Each structure stands twice: as C-alpha cells, then as structure tokens.
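In: fold the stuff below for me.
(2 chains)
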Protein chains: 2
Amino acid sequence: MKFFQVKTVTETLEIIHKHYGPVRQPVTLPLGQALGMVLAEDIRSTEQVPHFARSTVDGYAVRARDTYGASDSLPAFLDIQGKVEMGKPASLLLKEGQAQGIPTGGMIPEGADSVVMIEHVEEVGELLNVFRQVAPGENIIRAGDDVMAGELVMSAGQRLRPQDLGVLAAIGKTRVTVYPRPVVAILSTGDEIVPADKAQLAPGEVRDINSVTIGAAARACGATVIDGGIVKDDYAAFLARARELFEQADLVILSGGSSVGTRDYTEQVMQALGEPGVLVHGVSIKPGKPTILAKAGEKPIMGLPGHPASALIIFHLFTAPLIARLEGLAPTELDRRIVARIGRNIPSAVGRSDYVRVKLEKRGEEWWAHPVFGKSGLISTLVKSDGMVEIAAQKEGILEGEFVHVHLFA
Amino acid sequence: MKFFQVKTVTETLEIIHKHYGPVRQPVTLPLGQALGMVLAEDIRSTEQVPHFARSTVDGYAVRARDTYGASDSLPAFLDIQGKVEMGKPASLLLKEGQAQGIPTGGMIPEGADSVVMIEHVEEVGELLNVFRQVAPGENIIRAGDDVMAGELVMSAGQRLRPQDLGVLAAIGKTRVTVYPRPVVAILSTGDEIVPADKAQLAPGEVRDINSVTIGAAARACGATVIDGGIVKDDYAAFLARARELFEQADLVILSGGSSVGTRDYTEQVMQALGEPGVLVHGVSIKPGKPTILAKAGEKPIMGLPGHPASALIIFHLFTAPLIARLEGLAPTELDRRIVARIGRNIPSAVGRSDYVRVKLEKRGEEWWAHPVFGKSGLISTLVKSDGMVEIAAQKEGILEGEFVHVHLFA
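Out: Numbering: from 1, shown residues only, chains lettered A, B, ... in the order given. Okay, the predicted model is just below:
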C-alpha cells in the first residue's frame, strides 16, 4: 500500500487539470446539437461577415460629400434613383448628386459611402431634401466588419454558447468538430443502502440519495449518466460491478459507504482497475476529507464520501472540473462565482479549507451570504443553500461583512 | 391601431411576471427526468429522515453518563457487547456499563445516547477503555434531524436542482408533479434571410443566425424548440406560418427582419393571432428598442429585433424570464449575477437603459468588466463577451472602478 499525504484543494485541482483530458475521439455534429459541447478544432472563417456593406438604418444611400453643409435651413437636394430591395443586389452605380432609398440591412450601392437616416430627409417627388450632413462610412457596416475572411473565430477547448453557434452560422460553418459528451457511471455502495423507491424502510436501511443527486449534477455538467445501481460491502461483487461500469464509461464515480471497511474497499477497487492508480487520497477540507481520485489508463475513477451533502459539495469542487476536462474544456476557462458579504462570523481551523453552505440575500445592490448550519450528513441544508463559501486553509475564519466568493450551486 | 408608449425595462419585466404563466397542465415524472423542471405541487414528507438515529463516526455506542470524567489518565471501563452491522437493526438494548461497536451511519441501539469515537478508546479483549467523555447526543444524528414527518420540504414554483432531487429521494418521493418543458417556436423573417447552410451567398443575402442563437438560448433555458424556418416579407405567408407555429408551441418568437415594413408586419401578425394582443411595443433600451410582446389567449408571442446581437441581448433580458414563467417558476426566484468593477468610463443618455457587453478579467480577488465595443449588428462582439452590464435609465454613465452587476451569458 502506498503512503498518501492528504492534498490541499489547490493541489487536487492542479492534479485534475494536469492528469485528465478527453478520453474519446472528437465527432462532427450539426450546430443544433453542439450547444454546451467543447470545440475540438480551431475555426477560421473562409468568408467575411457581413458579406457586403450594409445600411444600419432606414434611409438613403448617398455620397457623403453631396451632403456637406446641409442643415434644416439649407438642405442639400439629391435625385432619388429608386430603392434597394432587401435580399437583392444593389445594381445601380450611384453617381454624384444621386440618392437611393435603402432599408436597414440593405446592400449599399456602388458609389455610395454613407446613409442619411429617413428622419433627416424629405421626399418631394423625385427630389430628396437632405437636412443633415453625413460623414463617409456613417450608418454603414462594411463587408468584413464583423468577421474578416481568414480570421481565427474560435479555438479548440472553448465551450459553445448560443452566441458562438451564431457566429458559426454567420460564416456558414454549420457542422463542427466537438468532443462527445462524457459518459459517467455512478455506483453506490453500502450494506445499508436500498433503492430510493423502496416503499417501507426496515430499521437500519437508508435510501440511495447519491445516485440521484450526483447523477443529476453530472447531467447538469453535460454528461450522459449510467446509473450503476447499488452493491453491498463485498469486495468481489464491488470490483466486478466497477469493472463492468469502467468498460462502458469515461468516468466511474464510486459513492462510498461511510464505514471504514467500505472506504478501504473503495480504494482497493480503484487500484485494481489499472495503472497508475490512486493519485489523491484524502483532501484537507471539511466536509469531504475521504475523497479519492484515481486513474486507470486514461480514465478517471473518483470516490466520493457517502454522506449525500458531502458528496455533492465534493462533486461541485472536484468532479465538475474533472468532467469539464473530459469534455475537452481548456483549464483556463472562467469559473462562475459571485461576490457577497458574509452574514456572520465563521470560525475555522488553520490548515484546512472549510466549505460553508450559504443562503444568499439581496440588500440593496449587495449580496449577503448567510451560513446555513447543520450536521454534515444533512441533505436538507443543501436544499436551503444557494452555494458555498470557501474559508481558505491559512485563515482562522471570516468576519461578518467580509467579502467572500460564493460558488453557486447549479 | 392602438397607441403604445415605449416601456422601461422594469415595466416590461413586471408585465412578464404579471401576465404570463404556465400554459400546460402539470405532468408526473420519475425524479431522473425532472432535473431543471419546476414543481407544480407542494411536497410534505410522509416520513422522517434519517429514518432512525445514526452514528456520524466510527466508534462505540454508549450511555454518556458512563463516560463522565473519563480522561487519558483515568479511562472509563465498559463491557463490549458486539457490533452494530450496517443496514441491520440494532437489536440489543444497551444497559449501564455497556458499549457496542458502531460504524459511521450505523443504527444507534436502544439505551445508547451517544457515540465515542474510535480514536478515543482502546479495546482490551472484551473490555473497552474510554479516554474521553461524551455528552448525550454527541456524534449522533437523531431520527428526523434532517427532515421531520409532515414537514413542508419544497413548494410549487421551485426549480428542481440536484440537491432537491436528493431530498425527494431521501423521503421516498420518486415521482414528482412538474410543469412540462415549454415548447418554443422560432420564425425568422426577411427577404434577405437564407438558411445558414447555404454554400454561396448572393449579394444582398444574409444567413439566418437568429434561429440558431435564439434556439440554443431557449434550449439552455429548458425549452423544447421548433425551428419554424424562414418566411419572406409577405404578410399573408408570414401570418399563415405564424398561425401554424402558434398551434404547436407555447411561445412563438418572431425574429423580425430589420426593415420598417417587416416591423409593421410583425406587429400586425401578433395582433391577428388573438386577444388581448400587443402588451409592449418598444422598450427604452439600447440595443433592442423594437421589442414587441403580445398575448393571444394565454400564450405569449414575442417579436425580437433582427440584428442577431440585439436579439440575443433582448432574449437574456426578457425572453429568458418569460420562458421561466411558462416553466412555472415563481417570480421571486434569484437571478444569477456577479459584481464587478467597470474597466473604463462609459457615457449613456439619461432616460434610456443601455446594455453594454463586457469581458471579465480577474485581478486578485476582484472581477473587472471591460466594455466590448462594436456596432450593434456585430455578433462577434457577443462571442468576445462574458456578459452585459446595465446602465440604469437615470444615470449619465458609469465611471471607471464603479461596481456594476454583470448579467452572465449562459
């Protein structure tokens, strides 16, 4: 048995970033199926957006110099030469002294360099009175203003949001190469654990909560989830089921029974699945110290605490970033946290990161985070919480009114 | 034609909260399918959690008074009476002077009122040396500590997160009544709009971006999306297609062409779909002034600006909360925003809410929001942005270093 030193939160996150990545080959999908997935290719535009110079207002395309000096008292007079139609090429060559009607988004005719807004003109038959001068380029988006041909539009490792899909649509890139959604298998262990839908509990029995919460949290991260069921505290049965799931999944999560015996089994099973084996055995945080992280071949295996509340907190801290790595996300991507002031003093032991569940309250323009206390086994405290606050290992606690970062629960 | 006054952002949100709600009957689903959906029932627990008193540590169940005064130099001596097994009832009645081995999560035997941790005892054959005294209740979760029988666990109007599903699993509530996912249909209009996968654009043509971005954003909100395709600027064809979609969907989004003619059509079509008709015609914000919101029967219809960037901003501001109402979410639910300091001065006109796209940067413990400038038609600026900052209607702008709230893009 190797000797493992308990790791800090930061060390554990560094191991996650360094040792794990996508375990599956990228696939090419239509845009409509790629929302939330991570790009496996750099994308350069093969064309410019917009494709042609467009008007940003309803008005008249003109040569700017024909309007110089125009005002309410001294309008410029131009000859109206028809109207550009939406979706049609602007075929006319605009000459000196001419103006052509144009809708918002219409194509700027050749010869024109600006657009006068409809509010600043008056049509008198074929004659246009222009009451305001415009500068060259005014009220126009030029071809390529949004995206230039050859431009690097997006990079591999980036998660596709709605607006990203929009730019890809704009450049005509309607199929993208992305990493497939990771498959996450969850196996609950413990002699006391019974399926959640068991109608009447016998004394000593506990319903399986972790497969529900951890399964849902993994789905919220974009994973496909295999519910691996429940195994008793029996090493052979545990290993056999874990092996089956390991073959099918990209990540196996073992939601350990809470007794010492089961914890030992969990570690042995993780070692038995393959080399290099366990990388992290124990993290100096509360709750959630008995967290185990291993690797067999390229695939991660993770052991979460049995307590549902602890398991979900460890999931947010470590499993969610791990799944993001499996999805192909670059480690530099932003984490989403809000700043709040803490609602009361919270003591903490130096040398250990504490995670305190909090409920948010808005006072004026500020968020206040109020600790939700409860024994670590209570899942109901998580329901009352909006997120959690880290008290860093080097701190003795935080004082009321101090600014803290709240990791929001999904 | 009615006369419509341009509404403020707040007035528009109030109208959304007041006039819209779920348009479909609730359905009952297994927990595994209910993630992210909104409860249509109040849930009271019919049982207590935990179901029985449990140990929170590995150790020995004892009567606290038998340990009083115990210390390293003067241990208490107790008779070991076997061990509680996980998942089994604790059948022994613990008497004075006795101790029973118990794993974390094990059932507390009758007669015991506390647990001594394994670290604070020594087993000598059948004799237990106890080196630390415990108080009644120490290292125990009592039956009902987490959830009491009869307790209101969750209320209608609440969105189900992983931890919420966990509590439902814990109380054996494995099927829940929720509002079905709203069906959102998107119809793009404009003579210039062509499908995004068209290989070669003719001059004047523009690819359909909004059906991609707005479709993805609606999916990210939990909706099921119907891509209604593209119609030309022809009132009869526009109305016919809108009617078809209105029959199938809970919300029809008309992504309007940008010309004045199309904007007029959009409003006429919305009025023609049914009473009460248009509720909001124009919002005093930039970009996105030509936003239209209507109601026909109980169903909402929404007109978004044609510019993709404006359309997506309006979606985040108004369509996302509207979809949340269709999903059954109570209007009081928290919005997720982060606090940041603005990276430079931004001027703004009094009397109009401006929305400025920003990119976030972390400096030490603080977020800084840097404006991403660009013409409002540019979708690429949205890709470079992490969120947007509101400059309230009564402000003349914001100064560098001021704290602002950033609405994060999904």
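In: from chain B, how far off is residue A:299?
Out: 23 Å (CB to the nearest CB, to the nearest Å). For the C-beta atoms, the positions are set from N, CA and C on the backbone; glycine is no exception.
In: out of everything not next to it in sequence, what's closest to that residue?
Out: What sits nearest to residue A:299 in space, not counting adjacent residues and going by CB to CB, 6 or more residues apart in numbering or on different chains, is residue A:23, at 5.6 Å.
In: isn't the one you found right next to residue A:298, touching?
Out: Yes: assessed by CB atoms under 8 Å, residue A:23 is found in contact with residue A:298 at 4.9 Å.
In: who has more neighbours out of those two?
Out: residue A:23 (18 against 14; other CB atoms under 10 Å in any protein chain shown).
In: list the contacts of the more buried one.
Out: Residues in contact with residue A:23 (CB atoms under 8 Å, 6 or more residues apart in numbering or on different chains) are A:182, A:250, A:298-299, A:326.
In: swap in 6 Å and give it another go.
Out: A:250, A:298-299 (CB atoms under 6 Å, 6 or more residues apart in numbering or on different chains).
In: and the spatially most central residue of chain A, how far is that from residue A:165?
Out: In chain A, the centroid-proximal residue (CA atoms, centre = their mean) is residue A:159; its distance is 6.3 Å. The gap separating residue A:159 from residue A:165 is 11 Å, by CB to CB, to the nearest Å.
In: one more: residue A:175?
Out: Relative to residue A:165, residue A:175 is positioned 12 Å away (CB to CB).
In: nearest residue to the residue nearest to the centre of chain A other than its sequence neighbours?
Out: For residue A:159, ignoring the flanking residues on the chain, the nearest one in space by CB to CB, 6+ apart is residue A:38 at 5.1 Å.
In: chain A: helices as residue ranges?
Out: Listed in chain order, the helices of chain A (DSSP state H) span A:9-19, A:162-170, A:210-220, A:235-248, A:260-272, A:308-314, A:320-326, A:380-383.
In: reformat these as JSON lines; add distance to chain B, mean pLDDT and mean neighbour count.
Out: Listed next are the helices of chain A as JSON lines, based on distance: least, CB to the nearest CB, whole Å; pLDDT from 0 to 100; neighbours: other CB atoms under 10 Å in any protein chain shown:
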{"stretch": "helix A:9-19", "distance to chain B": "15", "mean pLDDT": "88", "mean neighbour count": "17"}
{"stretch": "helix A:162-170", "distance to chain B": "4", "mean pLDDT": "90", "mean neighbour count": "26"}
{"stretch": "helix A:210-220", "distance to chain B": "4", "mean pLDDT": "95", "mean neighbour count": "25"}
{"stretch": "helix A:235-248", "distance to chain B": "14", "mean pLDDT": "96", "mean neighbour count": "16"}
{"stretch": "helix A:260-272", "distance to chain B": "5", "mean pLDDT": "81", "mean neighbour count": "20"}
{"stretch": "helix A:308-314", "distance to chain B": "5", "mean pLDDT": "84", "mean neighbour count": "27"}
{"stretch": "helix A:320-326", "distance to chain B": "11", "mean pLDDT": "94", "mean neighbour count": "23"}
{"stretch": "helix A:380-383", "distance to chain B": "4", "mean pLDDT": "67", "mean neighbour count": "22"}
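In: tell me what residue A:302 is bridged to.
Out: Listed beta-bridge partners, residue A:302: residue A:253, residue A:293 (assigned using DSSP bridges).
In: and it, how many residues sit next to it?
Out: Neighbour tally, residue A:302, other CB under 10 Å: 26.
In: same check on the one 4 residues further on?
Out: Here the neighbour count serves as a burial measure; for residue A:306 (other CB under 10 Å) it reads 27.
In: next: residue A:234.
Out: Using other CB under 10 Å, residue A:234 has 13 other residues around it.
In: pLDDT score assigned to it?
Out: pLDDT recorded at residue A:234 is 88.
In: again, but for residue A:336
Out: What the model reports as pLDDT for residue A:336 is 53.
In: now do residue A:290
Out: 80.
In: surely it is in contact with residue A:305?
Out: Yes: Residue A:290 is within contact range of residue A:305, at 5.4 Å (criterion: CB atoms under 6 Å).
In: looking at these two, which one has more neighbours?
Out: Shown here are residue A:290 and residue A:305; by other CB under 10 Å, residue A:305 has more neighbours (25 against 22).
In: coming back round to it: can you tell me which of the contacts of residue A:23 is nearest residue B:44?
Out: Closest approach between the contacts of residue A:23 and residue B:44, by CB to CB: residue A:250, at 39.4 Å.
In: for chain B, see how far away the nearest residue to the closest one once chain neighbours are set aside is.
Out: Residue nearest to residue A:250 in three dimensions, not counting chain neighbours: residue A:182, with 4.3 Å by CB to CB, 6+ apart. In this view, residue A:182 and chain B are 17 Å apart by CB to the nearest CB.
In: and the residue lying closest to residue A:204 once chain neighbours are set aside, how many neighbours does it have?
Out: Counting by CB to CB, 6+ apart, residue B:107 is the residue found nearest to residue A:204 once chain neighbours are left out, at 4.5 Å. For residue B:107, the neighbour count with other CB under 10 Å is 28.
In: could you measure residue B:107 against residue B:85, distance?
Out: Distance from residue B:107 to residue B:85, by CB to CB: 9 Å.
In: tell me how many other residues crowd the residue lying closest to residue A:8 once chain neighbours are set aside.
Out: Take residue A:8 and drop its neighbours on the chain: the residue closest to it by CB to CB, 6+ apart is residue A:284, 5.5 Å away. Residues contacting residue A:284 under the criterion other CB under 10 Å number 19.
In: do the same with residue A:127
Out: Number of residues near residue A:127 (other CB under 10 Å) recorded here: 13.
In: residues contacting it?
Out: So, once contact is read as CB under 6 Å, 6+ apart, residue A:127 ends up touching residue A:77.
In: quick check: domain ranges of chain A?
Out: For chain A, the structural domains run A:9-24+A:181-326, A:28-49+A:157-178, A:54-141, A:337-408, going by automatic domain parsing.
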